[in-house]
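Asks: pasting a predicted model and its sequence here:
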Amino acid sequence: MAGNSFGTLFRVSTFGESHGPALGCVVDGCPAGIPLSVDDIRRDLRRRRPGHSPGSTTRQEGDEPEILSGVYEGKTLGTPIAILIRNRDQHSGDYEGLKDLYRPGHADWTWELKYGLRDPRGGGRSSGRETAGRVAAGAIARTFLARDGIVIQAWTASIGGIHAPVPGEEGFSLTEAEQNSLRVPGKKAAERIEALLGDLQKAEDSAGGLVSCRISGLPPGLGEPVFDKLSAILGRAILSIGACKGIQFGAGFAAAGSTGSAHNDTPVRGTGRPRAATGEAGPLLPGEAAVSPGPPDLSFKTNNAGGTLGGISTGMDVEFQAAFKPVASISRIQRTVDRYGAEQELSVPGRHDVCIVPRVVPVVEAMAALVLADLALRHRAAKV
Ligand SMILES: Cc1cc2nc3c(=O)[nH]c(=O)nc-3n(C[C@H](O)[C@H](O)[C@H](O)COP(=O)(O)O)c2cc1C
């Protein structure tokens, strides 16, 4: 099976199945000299771990990372960084009855059709547990990006149709999002969502939702037109997360119903910060002539574009939102077909999340970090 690696210069490969002995990642291309500790990785893995939010599975995934290579005396060596996360608390027996059944909404039938066999225990490699390797790799990318002041923050924007406040709206607080286990940036919305998840749990059902992400401190200039536009690679990265059904940037799909005069972001002179991506001079002073080469520094009155133009970062925050479907594994009775073609009823046993959205938040951040670390390195080859 191909397709387990991502990135060009900052390249990650993940490995492992949900109920195998371990999973993890190998990061190849991380520059030497970056301070990195196991705590940097542990911090992000803890945010992905289940058992922290209402409606979250009771599985106790220890998620203790081990750095096997690529780090010496607290700094990256420039050699491949291998991280191992051993699986513990697996209840493989829960999946014995599912060996011959195709779970509705899950990857069982398509995997078996394609490969002729599959590991049914916990969903094998199509399990959400696979994302632990991504989060570990993302933590390394984040450390690299933080040196340039690039900060990536995602949060739960809605669950089951209940929306959290949006940035600028009363009650919106990212501090609050990090304090409640649902990662909702608003106390009242968090309480309503918690009640909904409790009801769904009793009804043996599940919910989907939206994750918003904001990348700030990003210099203008990142992204490689034509096929490797910033938005295109971010789209691919986020859509590769299990259960993701869509992504929109800035004003998003609403742009389709807008007009050019309303949607265009008006450029204004100056950004108030040095042009870090190009290493050229900072903003022009009043009356100062533009120094060749290069256009003046700009920012924009609005950010309907979501921080990219022509696939290149504008220096405004990159903002996107991703949609995740309701969890497929529900204990409510559903109809399906078994591998012998007989119609069957099933109730998916095991310990599942009622909603995975809060756990997806750090995965979205990790994938965004991997994209940006790769594009930041590739940017250095843009011009002399
Ligand atoms: C962090 C995370 C946890 C997940 N947990 C579950 C789960 O407990 N039960 C489930 O049915 N799907 C879960 N999923 C989603 C499945 O992995 C996904 O729906 C499945 O592989 C089918 O792929 P698709 O929905 O992208 O088509 C999880 C996904 C993520 C990212």
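Replies: Yes, it's here. As the structure is a prediction and not an experimental result, all values here were calculated from the model.

Asks: for the stretch 151-300 of the chain, which residue gets nearest to the ligand?
Replies: Residue nearest to the ligand within the stretch 151-300 of the chain: Gly242 (2.8 Å; CB to the nearest ligand atom). (C-beta placed from N, C-alpha, C; glycine too.)

Asks: what of the stretch 101-250 of the chain?
Replies: For the stretch 101-250 of the chain, CB to the nearest ligand atom, closest residue to the ligand: Gly128, 2.1 Å.

Asks: what's the burial count for the closest residue in space to that residue that isn't next to it in sequence?
Replies: The shortest distance from Gly128 to any non-neighbouring residue, by CB to CB, 6 or more residues apart in numbering, is to Gly242 (5.3 Å). Residues near Gly242, counting by other CB atoms under 10 Å, number 20.

Asks: go on, Leu298?
Replies: Quick note: Leu298 (other CB under 10 Å) scores 17 neighbours.

Asks: which ones are touching it?
Replies: 267-271, 314-315 (CB atoms under 8 Å, 6 or more residues apart in numbering).

Asks: tell me what it is bridged to.
Replies: Arg269 (DSSP bridges).

Asks: returning to what we had before: touching, the residue nearest to Gly128 and Gly124? I think so.
Replies: No. Contact criterion CB atoms under 8 Å: Gly242 and Gly124 do not qualify, at 11.8 Å.

Asks: and the ligand, is the longest helix seen in the chain touching that?
Replies: Looking across the chain with DSSP state H, the single longest helix is helix 357-379. Yes. Helix 357-379 is in contact with the ligand by CB under 6 Å from any ligand atom, via 359-360, 363.

Asks: need the residues of the chain near the ligand, please.
Replies: 57, 106-107, 126-128, 131, 241-243, 325, 327-329, 352-353, 356, 359-360, 363.

Asks: please redo it, this time with the cut-off set to 5 Å
Replies: Contact residues, the chain versus the ligand (CB under 5 Å from any ligand atom): 107, 126, 128, 131, 241-243, 327-329, 352-353, 356, 359.

Asks: can you tell me the closest non-neighbouring residue to Ala32?
Replies: Ala32's closest residue in space is Gly78 (CB to CB, 6+ apart), at 3.2 Å.

Asks: so how far is the ligand from that neighbour?
Replies: 30 Å (CB to the nearest ligand atom, to the nearest Å).

Asks: who are the packing partners of the longest helix of the chain?
Replies: helix 38-48, helix 131-146, strand 151-159, strand 209-216, helix 230-239, strand 318-324 (3 or more CB pairs under 8 Å, 6 or more residues apart in numbering; DSSP states H and E).

Asks: related to what we said a few turns ago, rebuild the residues of the chain next to the ligand as JSON lines, extending it with secondary structure and distance to Ala154.
Replies: Below are those laid out as JSON lines (DSSP: H, G, I helix; E, B strand; the rest coil; distance: CB to CB, whole Å):
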{"residue": "Ala107", "secondary structure": "coil", "distance to Ala154": "24"}
{"residue": "Ser126", "secondary structure": "helix", "distance to Ala154": "23"}
{"residue": "Gly128", "secondary structure": "helix", "distance to Ala154": "16"}
{"residue": "Thr131", "secondary structure": "helix", "distance to Ala154": "13"}
{"residue": "Ile241", "secondary structure": "coil", "distance to Ala154": "11"}
{"residue": "Gly242", "secondary structure": "coil", "distance to Ala154": "16"}
{"residue": "Ala243", "secondary structure": "coil", "distance to Ala154": "15"}
{"residue": "Val327", "secondary structure": "coil", "distance to Ala154": "19"}
{"residue": "Ala328", "secondary structure": "coil", "distance to Ala154": "22"}
{"residue": "Ser329", "secondary structure": "coil", "distance to Ala154": "23"}
{"residue": "His352", "secondary structure": "coil", "distance to Ala154": "22"}
{"residue": "Asp353", "secondary structure": "coil", "distance to Ala154": "17"}
{"residue": "Ile356", "secondary structure": "coil", "distance to Ala154": "13"}
{"residue": "Arg359", "secondary structure": "helix", "distance to Ala154": "11"}
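
Asks: and those as a markdown table, adding pLDDT?
Replies: Formatted as a markdown table, the residues of the chain next to the ligand follow (pLDDT from 0 to 100):
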| residue | pLDDT |
| --- | --- |
| Ala107 | 93 |
| Ser126 | 83 |
| Gly128 | 90 |
| Thr131 | 96 |
| Ile241 | 98 |
| Gly242 | 97 |
| Ala243 | 97 |
| Val327 | 95 |
| Ala328 | 95 |
| Ser329 | 92 |
| His352 | 77 |
| Asp353 | 87 |
| Ile356 | 96 |
| Arg359 | 96 |
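
Asks: just among those residues, which is most surrounded?
Replies: Busiest of the residues of the chain next to the ligand [other CB under 10 Å] is Ile356, holding 29 neighbours.

Asks: which residues touch that residue?
Replies: Here Ile356 is in contact with 128, 243, 324, 327 (CB under 8 Å, 6+ apart).

Asks: related to what we said a few turns ago, give me whichever of the helices and strands packed on helix 357-379 is most buried.
Replies: helix 131-146 (a mean of 26; mean count of other CB atoms under 10 Å).

Asks: render the CA-only coordinates of that one in CSV, please.
Replies: Output in CSV follows, covering the C-alpha atoms of helix 131-146 (Å, rounded to 0.1, in the frame of the first residue of the first chain):
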residue,chain,number,x,y,z
THR,A,131,-3.6,10.1,13.7
ALA,A,132,-1.3,9.7,16.7
GLY,A,133,1.7,9.4,14.4
ARG,A,134,0.6,12.6,12.6
VAL,A,135,0.2,14.5,15.8
ALA,A,136,3.7,13.4,16.9
ALA,A,137,5.2,14.6,13.6
GLY,A,138,3.2,17.8,13.7
ALA,A,139,4.7,18.6,17.1
ILE,A,140,8.1,18.6,15.5
ALA,A,141,6.9,20.9,12.7
ARG,A,142,5.3,23.2,15.2
THR,A,143,8.5,23.6,17.1
PHE,A,144,10.3,24.4,13.9
LEU,A,145,7.7,27.0,12.9
ALA,A,146,7.4,28.6,16.4
